[in-house]
Every structure is written in C-alpha cells, then in structure tokens.
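missing the sequence, but the structure's below:
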C-alpha cells in the first residue's frame, strides 16, 4: 500500500510540528549522516538492543551468528559520546537510505497533519515521541540480544497510523494498492499495511536484520492504545 494523499478539508491549523519533524529528519540525514554515507555517526547514534539491555556501549567489530553459532557477518560499532539510552531518541531521526527516508516522510506528511490538527501541537509532538519509544521497546523485547543497529522514524510513524485509523477510519485515502490507483477508506488502506507488517514479521527470523517489523507493530499498537488518552478533551 503506497499512499498518495488524503482528505484535509477539515484542517484548521498549520501542522508546524509535523513539518518540523520532517525537516529534522531530512537535515539529520543530509548533514549528519552524509546521505547515509557517514557510518561513524549513523552507527554511534543508532539503537542497539544489546546496548540497552546490558548498558554497555559496543565498540569495534561484532560478529553475527546463525542458529549453529557460526559467525556469518560482522558489524563495525562506533562508540557514542552520550549514554546509550539517548539513542532511543536519536535513532528516531535517522535513516538508512534515500528510499527509507522518502517512504517514511511521505507517510508522515500525509497522515501526521490530521492528528496534529485534532490533538494540537504539543500533544501531537508528545504522542509521536512516545510511540517511537514504544516501538523501539517492542523490537528490543522481541530480540533483546541483537547487535544489529536500529534506526528510522518508522516506529513513531506506525503510531501515527494507529491513531489515525482509530480516529478517522472512514477518511478517504488516495493510494496505490496492488498497482491500482484508487481511493479507499483509511481502515482499508492502513489495514492492508498492518496485515503486511504482521505477515512479514511472522515470516522473518529474529536477528537477521532488514526491516524491524516488531517495531512497526509495536508502534502501531501504541498508537491505537494511546490516541484516545492524548485526545481527551478534544472533539473527535
């Protein structure tokens, strides 16, 4: 499911926080990550589950083992100048490639403004960050000994999708679905997306790298659970 846009006819405020999050992500990727080429920065400020569970900042080459204990690859880790727990926040604003950041920022641009319009600037910012933290925790719980770095805004954006589909299930979303450009209710578009995450998360062995599906699912669940709390007192 590839979204193109949605109905913003009821938007009454400028989503400055949503724009700011997009801007920060782009600036970090371009200026600090060097368009993905600055491994020293990216690896130092990514979130590594084993660093969180052990409290130890990993450095140097760390081997990845398969099910038999055989080392199949090595990852170069760089030390971070801040406590490893800061990487819960920093990793949310970094990406691995141009396509990674493009896809994430497109989803945030389309779906984030509607939540900010309803929640307000401060509540939306807090909701986004909390969902990002919850997504990271979900991935850590699923693979607590992993030394594979995690980075990206996907977990927080998954929370935005969870909140969106609960508050605006019938809102029309223009999307490319199975090579067809169409308009469907949000619960259909986002429903296809979450089913895709669940299936691939189930089929992907832990510790193999790639997409952190547990973080996507965890962020989405957090968004569904928390959105009504953050929307208390708002007209839904």
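Everything's here; your move. Since we're looking at a predicted model, the values are computed, not measured.

I figured residue 137 hits residue 218, correct?
Yes. Under the criterion of Cβ atoms under 8 Å, residue 137 makes contact with residue 218 at 6.8 Å. The way it works is simple: take the backbone N, C-alpha and C, and place the C-beta from them, glycine included.

more neighbours: these two, which one.
Each of residue 137 and residue 218 has its neighbours counted (other Cβ atoms under 10 Å); residue 218 has more, 25 against 19.

counting neighbours, what do you get for residue 40?
Residue 40 has 12 nearby residues by other Cβ under 10 Å.

quick check, it in a helix?
Yes. Counting by DSSP: H, G, I helix; E, B strand; the rest coil, one finds residue 40 located in a helix.

look up how far residue 235 lies from it.
Noted for residue 40: a distance of 48 Å to residue 235, by Cβ to Cβ, to the nearest Å.

could you tell me which ranges of the chain sit under the pLDDT cut-off?
For the chain, the stretches flagged by pLDDT under 70 are 65-69, 201-211, 236.

again, only using 80
Low-confidence segments of the chain (pLDDT under 80): 1, 63-73, 177-178, 196, 198-212, 235-236.

now do the strands in it.
With DSSP state E as the criterion, the chain has strands at 2-6, 60-65, 71-77, 172-177, 180-185.

would you mind finding the most buried of those?
Highest mean neighbour count of these: strand 172-177, a mean of 18 (counted as mean count of other Cβ atoms under 10 Å).

which other helices and strands contact that one?
Under the contact criterion of 3 or more Cβ pairs under 8 Å, 6 or more residues apart in numbering; DSSP states H and E, strand 172-177 touches strand 2-6, strand 180-185, helix 186-203.

that one pairs with which strands?
Its sheet considered, strand 172-177 pairs with strand 2-6 (antiparallel), strand 180-185 (antiparallel) by DSSP bridges.

out of these, which comes closest to residue 83?
With respect to residue 83, and counting by Cβ to Cβ, the nearest of those is strand 2-6 at 36.5 Å.
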